[in-house]
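Trainee: got a sequence here, can you model it:
(chains A and B)
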Amino acid sequence: MALLAAVCFVFCLAVAEGQGTNQNDGPHSTITGFRAPLEYYDPPYELQVKSFLEGAEAEPGTDGLVFIRDAKLLTYHEDGSKEMIVKAPQCTYDTRQHVVSSAGPLHVQEMDNNIQVEGVGFYWLQTNSYLHISNQQQTTVYGKLTNTFSP
Amino acid sequence: MKKLFILCAVLGVVILLASRWNLPAAETDSQALLGTSTNRTTITSLQGDFYMRSNVYIYRGDVHVDNPQMKLRCELLVTEAPKLPTDQGKYDRATATTNVVIDWVDDKGTNHATAEKAIYTYTLTNTAVAPSIHWETNAFLVLIGDPIVTNVQGVFRSDPIVWDRINDVITTTNFNRTDIYQTPSNNAAPGFFQTAPTTPAKKAVPTK
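Mentor: Reported below is the predicted structural model:
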């Protein structure tokens, strides 16, 4: 499944580059409308994307790095509903390490419970869904607090 | 990320605990705590680690949890909410560590607690034999590390302070000291009680 995701990513990268407005030839071409699935669920949900990365512009770099502007990282539940959206003015995706990172600000919107997280500087490890915010972390929970737990 | 809500639920429990445990906070915090409810809770820290697969969230450095009814300060806050099948109940835990300060309000005023560590544990367990279902709930807040709770009634010291929220019972295995302030409802022999300070101490010095 990881191989499938990698193939899809490369394919989307190629398609986006083909459709984009290439300002320059060579390795630093700018891609517009970057969109790429990063990971799929295991069977029986193998057709459901688990995480998806998109951006207004992307620029392939060396060593498997992709520099993305106006990036949006989306994660999904097994049923296809959105789990969270991470937005960042700019970030870097390491296609080899499967890491999305940035020294700049980020905004996270959790869809189910209306929770927002903000911070400056982050590191998202795709393989185990780990998000590290390195500075100025702020989580905001909207809605009335409750302790009514029920299965 | 979804399970961040569990943290809020835990904090909600703390608030409800506060409503039953009449122990107050510093007067200077009263106005802020009694401010208009916005139904919004913020958790700020220097850093945050979100292990989404295991639903473990770690807030590091100068952690502040702010809610209209409750404020929590500490250096490290860890929330754990393992994913369990819905028919197997729940296990949630929040642990605040290092210089823990909790201020909350209830119907009798503000409350103030300090400790080195505060642990809230919530479990929901099916104690019946399948296919029957009988859910048993346990919810405990444990304060350890020279915990001191101050309110209009007095100053309470023991280590640990164990608060069974379900049964609303507070116990300790190492009672230290309690100072009870004289009030109209507990007017015993003259001079028996201490006189309540006009401004409750925000952090009392533990006696050894």
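Trainee: got a list of what residue 89 touches?
Mentor: If you meant another chain, say so; for now it's chain A. Residues in contact with A:Pro89 (Cβ atoms under 8 Å, 6 or more residues apart in numbering or on different chains) are A:69-71, A:104-105. The C-beta positions use only the backbone N, C-alpha and C, and glycine is treated the same way.
Trainee: ah, no, chain B please
Mentor: B:Gly89 neighbours (Cβ under 8 Å, 6+ apart): A:151, B:123-126, B:135.
Trainee: ok, it to B:Pro131 distance?
Mentor: 15 Å (Cβ to Cβ, to the nearest Å).
Trainee: before we move on, back to that, let me have the contacts of A:Pro89 in JSON lines, extended by neighbour count.
Mentor: Formatted as JSON lines, the contacts of A:Pro89 follow (neighbours: other Cβ atoms under 10 Å in any protein chain shown):
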{"residue": "A:Arg69", "neighbour count": "16"}
{"residue": "A:Asp70", "neighbour count": "15"}
{"residue": "A:Ala71", "neighbour count": "26"}
{"residue": "A:Gly104", "neighbour count": "13"}
{"residue": "A:Pro105", "neighbour count": "17"}
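Trainee: which ones among the residues you listed are found in strands?
Mentor: Among the contacts of A:Pro89, DSSP state E puts A:69-71, A:104-105 in strands.
Trainee: contacts with chain B among the residues you listed, please.
Mentor: For chain B, no contacts are drawn from the ones in strands among the contacts of A:Pro89 by Cβ under 8 Å from any Cβ of the partner chain.
Trainee: closest to chain B out of those?
Mentor: Using Cβ to the nearest Cβ, A:Pro105 comes nearest to chain B of the ones in strands among the contacts of A:Pro89, at 13.6 Å.
Trainee: and the two most separated of the contacts of A:Pro89?
Mentor: By the measure Cβ to Cβ, A:Arg69 and A:Pro105 form the most distant pair in the contacts of A:Pro89, at 13.2 Å.
Trainee: picking that back up, most surrounded residue in the contacts of B:Gly89?
Mentor: The most crowded member of those, judged by other Cβ atoms under 10 Å in any protein chain shown, is B:Leu124 (18 neighbours).
Trainee: give the helix, strand or coil label for that residue.
Mentor: On the three-state scheme (DSSP: H, G, I helix; E, B strand; the rest coil), B:Leu124 is labelled strand.
Trainee: thought it was touching B:Thr137?
Mentor: Yes: applying Cβ atoms under 8 Å, one finds B:Leu124 in contact with B:Thr137, separated by 5.4 Å.
Trainee: could the contacts of A:Pro89 go into TSV alongside distance to A:Cys91?
Mentor: Output for the contacts of A:Pro89, formatted as TSV (distance: Cβ to Cβ, whole Å):
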residue	distance to A:Cys91
A:Arg69	8
A:Asp70	10
A:Ala71	5
A:Gly104	8
A:Pro105	10
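Trainee: of the residues you listed, closest to B:Ile180?
Mentor: A:Pro105 (50.7 Å).
Trainee: pLDDT wise, what is the closest one at?
Mentor: Listed pLDDT for A:Pro105 reads 97.
Trainee: residue contacts, it?
Mentor: A:Pro105 neighbours (Cβ under 8 Å, 6+ apart): A:88-89, A:118-120.
Trainee: buried ones among those?
Mentor: Buried by 16 or more other Cβ atoms under 10 Å in any protein chain shown: A:88, A:118-119, out of the contacts of A:Pro105.
Trainee: give me the below-cutoff pLDDT ranges for chain B.
Mentor: Applying pLDDT under 70 to chain B flags the ranges B:1-38, B:108, B:184-208.
Trainee: go through the buried ones among the contacts of A:Pro105 and flag which are in strands.
Mentor: A:88, A:118-119.
Trainee: which ones among these come in contact with chain B?
Mentor: Answer for these near chain B (Cβ under 8 Å from any Cβ): A:Gly119.
Trainee: now the ones in strands among the buried ones among the contacts of A:Pro105 in CSV, with distance to A:Leu131 and pLDDT?
Mentor: Output for those, formatted as CSV (distance: Cβ to Cβ, whole Å; pLDDT from 0 to 100):
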residue, distance to A:Leu131, pLDDT
A:Ala88, 12, 97
A:Glu118, 12, 96
A:Gly119, 9, 97
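Trainee: any idea which of the ones in strands among the buried ones among the contacts of A:Pro105 is closest to chain B?
Mentor: Closest to chain B, out of all of these and judged by Cβ to the nearest Cβ, is A:Gly119, at 6.5 Å.
Trainee: tell me how far A:Leu73 lies from A:Pro105.
Mentor: If you measure A:Leu73 against A:Pro105 using Cβ to Cβ, the figure is 14 Å.
Trainee: try B:Pro160
Mentor: Distance from B:Pro160 to A:Pro105, by Cβ to Cβ: 41 Å.
Trainee: also A:Pro43?
Mentor: Per Cβ to Cβ, A:Pro43 is found 37 Å from A:Pro105.
Trainee: what's the answer for A:Ala56, then?
Mentor: 16 Å.
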